[in-house]
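**Student:** Need a 3D model of the sequence below.
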Amino acid sequence: YTQASQIDLLTRAMKIETSRFAGDPRMKLASLLLSRCGKLKGRVGESKESVSMLKAALKCGLDPEYGFDPDSMYIAETFHALGIQHGANGDHNLKVEFVSKAAKIYEKCGHRFDLIGAKKDIANALGSLGDMKQKQIILEEALSSLVDKSDDGGSKPGENNEEDGSSEGEPKAAENDLKARLLCDLSSVLQNPEERRKALEQSVELQKELGQQADPFLLVNTLGSLGVAHAILGNQKQRVQLLQEALELHTKIQRKGDTLQVAILLSNLGNAYRDQGDFKESVRVLGEALRIKEAIYGEAHYELSSTCSNLALSLGRLGEKEKKLQLMQRSFDLAEAQYGSRHSVMAYHSFHLAAALRETGYSEKALPHLEVAMALEEDKATASAASFPTRLLEIIEDMAFCQLDLGRYKEARELFSNGALKIEAMQRQAKLKKWQLEWLPPLPPKKKGGG
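**Tutor:** Sure, this is the predicted structure:
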C-alpha cells in the first residue's frame, strides 16, 4: 500500500473503533491508530496535522486509565515522532525536548539503535539552533558507540541480545543504514574538506551496499553533498558527475519532477556548470531550479534569494547585464526582507548588487551598497581571529573604479592608497591574533585573596 492509502485505512479503522465506545476517542486501540496515522501524516508532509494526531495519541497513552506503560516503546516512539514533526514545523527546541524524552525511554529499555537514532535527531536539531559544536560532539559519540558495539565480542548483529531489546539481534543492514546517516549528518559540520569528502564517500558506499534496502532519497542527498565536497576540493568534473547521478536516481524513484530536492540538485548543478565555463547550460539549469522553487514557495520567499543571485551571475557571464541586475536586485530585496539591512549575510548581496549596478552604468547608485558591504566585511574581519579580508580588497577596488567612472580621480586615488594601508594593517592584526592564539601560554589562575 502507498502511504496515502495506509492513512485512509487507518483513519477508517479509527472511526470504527471510536464509534464502538460511544465516540470516546480515549481507548487503547484508538490511541495506537492515532499514533500510527500521525507518523504517516508526517511522512507525506502534513506536519501540522501529524502533530495534532500525535499529541492526541500521547494524551491517551499517558493516561493511567488506559493501561499503557509510560516507559513503553509505544510512548517513546510517539514522543520521537512528535519531536520530528515539531522540527519539520521549524520548532527545533520542541524537537530536542520530545526526542530527548524518547531517548531516555530507549536507554531504559536497552534499545541501542533507537537511542543512537534519537541522539542523531537531537544533534541535528541543535545544529539547526546554531550549536554546531554540540552537534558534532553528539554525532561523533553516537558513531563511535555504534562502531565500538559492532566491533566488540558482544551484541553483534545476528546474535541474541536481550540488552539491546531485540530477541533476534540487530540486522547488519539496519546498522549500516544508521552508520550511513550518521556519517552524512557529521559531514555537514566537519571543517576539513578532505574529512568531509571521506565521510560522505563512506556513507555513499554503505548505502549502495544496502541495495534495495537503502533509502533512495537519502542517497540522492548524499550524492549531492558529495558533489559539493568535490567542488570545494577543486574537482568540478566529479561534482557534475555526482549531481547528474543524483538527478537520474531521483527521476527513477519519483516521477513528479517539481520537488524541492530536485530544485536543490539543479541549483548545485547550475553552479557547477558555471564554474566549468558552460554558462548557457548553467542558465538553463538554474532557470529550471528557480521555476520549481517559485512553484513551491511563491515568488516572495527568501529561499529563492540564492538561486536568483546564482542565475544572475551566470547571465552576467553571457553579457545579459540588465537581466543580471534585475535578478540581483530581487535577490537583495528577498534577503533584506528576511534578515534586515545590517545582517552579515547582506555583505554578499550588497557587493554583488553594486557590481551589477556598475556594469549597467549606475556607478553612483552602486557606491552606497559598497559602503554597506565594506562596513559589514570589516565587522566580520574584526570578529575573526585570523582571517585575511580578501573580499574587502575587492570592495575597495570596486569603490575606486566607481569613482573613476564618475570622473572623480582624486577620490579614486585616495581609495586605492588608503585601502591598501587598511588591508595591510588588518592583515598584520590578523597575523598577530593568530600568533597570540597559537603561541601565548594561558594566563595563570588567580590566587585566592587577590594578587
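
**Student:** Every contact and neighbour count from this point should use C-alpha atoms.
**Tutor:** OK.

**Student:** Next, count neighbours for residue 181.
**Tutor:** Neighbourhood size, residue 181 [other C-alpha atoms under 10 Å]: 23.

**Student:** Kindly report the same for residue 367.
**Tutor:** By other C-alpha under 10 Å, neighbour count at residue 367 equals 23.

**Student:** what does residue 93 give?
**Tutor:** For residue 93, the neighbour count with other C-alpha under 10 Å is 16.

**Student:** which element is it on?
**Tutor:** Element membership for residue 93 (DSSP states H and E) is helix 92-109.

**Student:** now swap in residue 82 and tell me
**Tutor:** Taking DSSP H and E as the criterion, residue 82 maps to helix 73-88.

**Student:** and whatever helix or strand comes next after the helix holding residue 93, what other elements does it pack with?
**Tutor:** Going down the chain from helix 92-109, the next helix or strand is helix 112-128, by DSSP H and E. Where contact means 3 or more C-alpha pairs under 8 Å, 6 or more residues apart in numbering; DSSP states H and E, helix 112-128 is packed against helix 73-88, helix 92-109, helix 132-151, helix 172-187.

**Student:** buried stuff in the helix or strand hosting residue 247?
**Tutor:** For residue 247, the host element (DSSP H and E) is helix 236-253. Within helix 236-253, the residues that count as buried by 16 or more other C-alpha atoms under 10 Å are 236, 238, 239, 240, 242, 243, 244, 245, 246, 247, 249, 250.

**Student:** Sort out which residues of the helix or strand just after it are buried, please.
**Tutor:** Tracing the chain past helix 236-253, the next element assigned as helix or strand by DSSP H and E is helix 260-276. The neighbour-count check on helix 260-276 (16+ other C-alpha under 10 Å) flags 261-275 as buried.

**Student:** Let me know the closest of those residues to residue 289.
**Tutor:** residue 263 (4.5 Å; C-alpha to C-alpha).

**Student:** list the contacts for residue 351?
**Tutor:** Contact partners of residue 351, counting by C-alpha atoms under 8 Å, 6 or more residues apart in numbering, are 369, 370, 373, 395.

**Student:** cutoff 6 Å now
**Tutor:** Each residue near residue 351 by C-alpha atoms under 6 Å, 6 or more residues apart in numbering is listed here: 370, 373.

**Student:** Roughly how far does it sit from residue 341?
**Tutor:** Using C-alpha to C-alpha, to the nearest Å, residue 351 is found at 13 Å from residue 341.

**Student:** next one: residue 330
**Tutor:** Per C-alpha to C-alpha, residue 330 is found 14 Å from residue 341.

**Student:** and if you look at residue 190?
**Tutor:** Applying C-alpha to C-alpha, the value for residue 190 to residue 341 is 30 Å.

**Student:** repeat for residue 122
**Tutor:** According to C-alpha to C-alpha, residue 122 stands 32 Å off from residue 341.

**Student:** Which one's more surrounded, the two?
**Tutor:** Remark: of residue 122 and residue 341, residue 122 carries more neighbours, 27 against 16, as counted by other C-alpha under 10 Å.

**Student:** Identify the residue nearest that one in space, chain neighbours excluded?
**Tutor:** Nearest residue to residue 122 in three dimensions, chain neighbours excluded: residue 96, at 5.3 Å (C-alpha to C-alpha, 6 or more residues apart in numbering).

**Student:** tell me, how many neighbours does that neighbour end up with?
**Tutor:** Residues within reach of residue 96, counting by other C-alpha under 10 Å, total 24.

**Student:** So it sits against residue 120, correct?
**Tutor:** No - applying C-alpha atoms under 6 Å as the test, residue 96 and residue 120 come out as separate, 10.7 Å apart.

**Student:** Could you count how many residues lie near the residue nearest to residue 135 when sequence neighbours are not counted?
**Tutor:** Leaving aside its sequence neighbours, residue 135 sits nearest to residue 123 (C-alpha to C-alpha, 6+ apart; 4.3 Å). A count of nearby residues for residue 123, using other C-alpha under 10 Å, gives 26.

**Student:** right, and residue 123 touches residue 136 too?
**Tutor:** No - contact criterion C-alpha under 6 Å: residue 123 and residue 136 do not qualify, at 7.4 Å.

**Student:** Remind me which helix or strand the closest residue to residue 246 other than its chain neighbours belongs to.
**Tutor:** Among residues not flanking residue 246 along the chain, residue 220 sits closest, at 4.8 Å (C-alpha to C-alpha, 6+ apart). Here residue 220 sits within helix 216-232, counting by DSSP H and E.

**Student:** So which elements touch that helix?
**Tutor:** Counting by 3 or more C-alpha pairs under 6 Å, 6 or more residues apart in numbering; DSSP states H and E, the packing neighbours recorded for helix 216-232 are helix 236-253.

**Student:** Could you rerun that using 8 Å?
**Tutor:** Using 3+ C-alpha pairs under 8 Å, 6+ apart, helix 216-232 sits against helix 193-210, helix 236-253, helix 260-276.

**Student:** okay, now residue 99: neighbour count?
**Tutor:** Residue neighbour count, defined by other C-alpha under 10 Å, stands at 27 for residue 99.

**Student:** Any figure for the gap between it and residue 74?
**Tutor:** From residue 99 to residue 74 the distance is 13 Å (C-alpha to C-alpha).

**Student:** Contacts for the helix or strand hosting residue 398 next, please.
**Tutor:** Per DSSP H and E, residue 398 falls inside helix 390-405. With contacts defined as C-alpha under 8 Å, 6+ apart, helix 390-405 is touched by 351, 355, 358, 363-364, 366-367, 370, 373-374, 377-378, 409, 411-413, 415-416, 419-420, 423.

**Student:** quick revisit: looking at the buried residues of helix 260-276, spot the one nearest residue 49.
**Tutor:** For the buried residues of helix 260-276, the minimum distance to residue 49 (C-alpha to C-alpha) is 22.7 Å, reached by residue 261.
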